[in-house]
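A.B. asks: For reference, the sequence and a predicted model appear below.
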Amino acid sequence: MPPTLLDHDTLRQHIPGLDSVEPCFAGGGFKSVYAAVVAGKKEALKVLGIKRITDPGADPDLAEAFCLEQAARVRREVESIGKCQTPALVKLGAIAPVEFEVGNEKYIAYSEEFLEGQDLWKLITQHGQLPALTELVQLFGSLLTCVRELWRHGLVHRDIKPANVMKTPDPARPFVLLDLGIAYAVYETSLTVRPEDRMPPATLRYLAPEMMQPDFRERVDFRTDLYTTGMTLFEYAAGKHPLAKDRDDMMRTISRALHQPPAPLRQHRPDLPDPFCNLVDSLLKKKPALRPANLAMLFQKLEEIA
Amino acid sequence: MKLLAQHGAANGEKARHGLQSGYIDGIIFSPRDITAGKLRDQLATMTEIDSAADLLFDPQYYAGHNVVSPEPRLGRLDTCEEYGKYFRQRPRRELEGGTTVISRDITDCLGFQKELDLTGLIGPNILISRSFDSIEAVIAKNFIRLTGQVARKLKPGRPVYATLAISREALMDRKELMDFLTDVTLLGDDPPDGFYVLVASRNEDARSDIFNADVIAGWMMVNYTLSLNGYAVINGYSDILTPLLGVAGAMAGATGWWSNLRTFSLGRFLPAGGGRLPIQRYLSRLLLNRITFFELDQLRGVYPEILNGLDTDDRYPADQGSEPERADEVLQSWETTKSLSDDLVHKDVKKSLRLCRKAIQRADAAYDSVEAYNLRLDPKSNRDHLLAMLEGLRNFAQLAELESTSFDAD
C-alpha cells in the first residue's frame, strides 16, 4: 500500500493551487486528510494512495483495471458531491481531482470544504453524556435530507456510519454527512467489489443485510441508506452499536445483521419518546420492504416528534 | 377499520340496511352486475342514506384479460355500452409491448370513474395468476406504477387506488412475494394513494384455498408493507379474514351481498355450473366461522354462547327453526365481521396479534364444547380454519420481523 503521509513540499509540488498545508489530521487505510489553504481559504485536502496488485502472477490488465477503478471511485465521489444541493452533505473545495506519482506510487487528491467539529464516532467513544432528543431529531433530519437528495440523483451512499457524520458548531448545519467514496449510482455504473474479499465496499459493522446477498447489485436502493441511518442514530443515541459487542469477531456481527433484530432502542433510552424509538427501530428491519420508504411520511413523523 | 359491501346482482336493499344500521361503511360496486345508469341511481341513493359512505367501483378489468373461456359471463361489462369506454379484452401481447396501451386503458378507466359520484377511484389491472416471477407480474407492476402517474394528470380530486390482484398460488411463494413487495413499495414520485387488493382462489367455494397459513400470512404481509409505506389498503372479498388484515394495517375489507361474494375468484366470470342455492349460515364470533342455520338452531338451546349477542341475531328467529330470510344473512355477516374487527384490530400490531391468538384459542375451546354435545358439524362449519389462521399469524409475525428474539448489546 502506498504511504499516504506525504510531506508538504511534495504535495505543493504536485497539487496546483495550494497556498499551504498543515499536518494530516485524519485518515486511515489508503487515505489521508490534511488541512490546507487554497486561494486563501481553509479546505480539507484528501490524498488517496492508489493500491496496486503486487502479485507477480497477476493479470496485468486486471491490475491496471484495479488502479483505474480506485481513481474512478474518487472521481465518482466528487461528481456525486457536485450534484447534490443540501447543506447536510459535505461540499466540494477548489481543487478538482488530480492524479500524480511519487516514486513508483500513484496518488489522487482533491479538496472539500473544511468542517469544524467532531465526527460522531469520536463522540461515541468518549462515552460522554448521551444526546438529547432535540439533537437526535436534528441528526435524523440531516441524514434523511441526505438520503433524499442522493436518491434524487439516483445515488446511494452505502456507508453512512458515525465516523462519516460530522457534528458542527454551525446551527444552520448541525450535522454533515461525509465521504461519498462508495456512493453508487443505481441506474448507471456497476458496484465495485473489493477483490481481496469479494465483499461490497462498505463498512462491515454497518452493512445492510441486502448488501450481503449474492445479488446485492439488484437489491440496493435508498432503503439501504435508511438502514445505515438507523444504525448510526441508534449507536449515537444509545452509545452502543445495535448489533455488535466490542470483542466480538466481525462474522458474529454480520450473522446478527442477517438474522437477529437489535433490542428496541427504548430499552437503552427509556427517556426518549416511543414514536422516536419506534421510528429508528423501523429503519433497522432486515427486509427493505419493511423499512418505511415514504420519505415525505418519515419527515412528517419526525416533525410531529419534534 | 372499515367494512365495505362487495356488490353483486340485485338491488341495493341490503346495502341500504347495512349503511343505515352502521354495519358497513360503504360499497364496492361490480359493473358485471349493474348497468351504468342504475349505478348512477344507486350512488345517489347511497349518498342520500349516508353522505360519509365510501362508494367505490371495481372496474373488473382483469376479467377482460384473465378469463379464458369461449363464453365468459361478463354480464353488464359486455352488454352495457358505457362500460366499453374503458373495458377491453386485452391479450397479453398488447400489454407486454410497452406502456402506451396500459396508460391509455388506465386513463380511460379512471376518466370513466371520474364522472361518477364515487368517493375514490380504482385503477384497472390484470390478475397475477401464477407467479410474481412472470411477465404478468411485470405488466401488473406497470399498471400500478402508471396508475399514480395518470391520476396526477387527471386530477380527480379523490383518492386513487391501484388494483393489485394476486392468485393464492403466487402469494404462497415467500421469496417472490418479498421481492415483489420490495419493488412495489418503491413507486417513485407519483404513487397512487392506496391499493385495492384481491386474492384469487380457484373457485368461490374453495374454503381451503384461502384458509391456508401461507395465503393468510402473505395477504397480511401485502397489507403490512403497503400500509407502513403510507398507502391506504382496501381488501376486496376479504370476508372473515378482514380483522386479520386490519391487524396488518388494512384500512378496509369487504364481503358480499351473496355467499358467492365472500371469496374472489374468476369462476364468477365463467359459464355457470348450476346447482342449488346454498344453505343460509350464521357467522359466529366465537367460532370465527359460519355454521348452517340448522346447526345454530340445534346449538343455541344447549350452548347459548354460540350466539353473538348482536342485533342481527333476531333475524335468525328461534321459533322459526333459526332460518333467516336469505337477504338477512349478509346483514348478519356484516355486523359480525365489523364487530370482530372492532374487537381485534388495535393500533399496536403486537397487541392485535395477541388478541387474535386469544380469539382463536377461545374458538378452539368452543369447538370442544360443541363436540361435547355430539353434534356433527357440516364440513364447512368445522374447525379446520383455526389452525390455518394460527399458523398464518405466526408466519406473518415472522415475515414482518415482529416477534424474533432481539440482540441486546448489554
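C.D. replies: Yep, it's here. Just so it is clear, the model here is predicted, and its values are computed rather than measured.
A.B. asks: Can you report how many residues lie near the residue nearest to A:T168 when sequence neighbours are not counted?
C.D. replies: Beyond its immediate neighbours in the sequence, the residue positioned closest to A:T168 (CB to CB, 6 or more residues apart in numbering or on different chains) is A:G117, lying 3.9 Å away. C-beta here means a position set from N, CA and C on the backbone, and glycine is covered the same way. A count of nearby residues for A:G117, using other CB atoms under 10 Å in any protein chain shown, gives 17.
A.B. asks: And A:G117, its phi and psi?
C.D. replies: phi 130, psi -160 (degrees, to the nearest 10).
A.B. asks: List the residues that contact it.
C.D. replies: Counting by CB atoms under 8 Å, 6 or more residues apart in numbering or on different chains, A:G117 touches A:M166, A:K167, A:T168, A:P169, A:V176.
A.B. asks: got the contact list for the longest helix belonging to chain B?
C.D. replies: When chain B is scanned for its longest helix (criterion: DSSP state H), the result is helix B:349-372. Contact partners of helix B:349-372, identified using CB under 8 Å, 6+ apart, comprise B:224, B:243-244, B:246-249, B:286-289, B:299, B:303, B:305-306, B:340, B:343-346, B:377, B:382-383, B:386, B:389-390, B:393, B:397, B:400, B:402-403.
A.B. asks: Quick check: buried residues in it?
C.D. replies: Residues of helix B:349-372 classed as buried: B:V349, B:S352, B:L353, B:L355, B:C356, B:A359, B:I360, B:A363, B:A366, B:Y367, B:V370 (neighbour count, 16 or more other CB atoms under 10 Å in any protein chain shown).
A.B. asks: measure the second one to B:L344 for me?
C.D. replies: Read it as B:S352. When distances are taken as CB to CB, to the nearest Å, B:S352 and B:L344 turn out to be 6 Å apart.
A.B. asks: want to try TSV for the contacts of A:G117, with pLDDT and secondary structure as columns?
C.D. replies: TSV is the format used below for the contacts of A:G117 (pLDDT from 0 to 100; DSSP: H, G, I helix; E, B strand; the rest coil):
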residue	pLDDT	secondary structure
A:M166	96	strand
A:K167	97	strand
A:T168	97	coil
A:P169	96	coil
A:V176	97	strand
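A.B. asks: Pull out the buried members of the residues you listed.
C.D. replies: For the contacts of A:G117, a burial check counting by 16+ other CB under 10 Å picks out A:M166, A:K167, A:V176.
A.B. asks: picking that back up, what sits in contact with each of B:S352 and B:L344?
C.D. replies: Joint contacts of B:S352 and B:L344 (CB under 8 Å, 6+ apart) are B:G246, B:V247.
A.B. asks: Could the C-alpha coordinates of stretch A:49-61 be exported in CSV?
C.D. replies: As requested, the backbone C-alpha atoms of stretch A:49-61 are provided in CSV (Å, rounded to 0.1, in the frame of the first residue of the first chain):
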residue,chain,number,x,y,z
GLY,A,49,-2.9,6.3,-2.4
ILE,A,50,-3.8,4.0,-5.3
LYS,A,51,-3.2,0.4,-4.3
ARG,A,52,-1.5,-1.9,-6.8
ILE,A,53,-1.8,-5.7,-7.2
THR,A,54,1.7,-6.7,-6.4
ASP,A,55,1.4,-10.5,-7.1
PRO,A,56,3.8,-11.1,-10.0
GLY,A,57,1.5,-13.7,-11.5
ALA,A,58,-1.5,-11.3,-11.7
ASP,A,59,-3.1,-10.5,-15.0
PRO,A,60,-1.6,-7.0,-16.0
ASP,A,61,-5.0,-5.9,-17.5
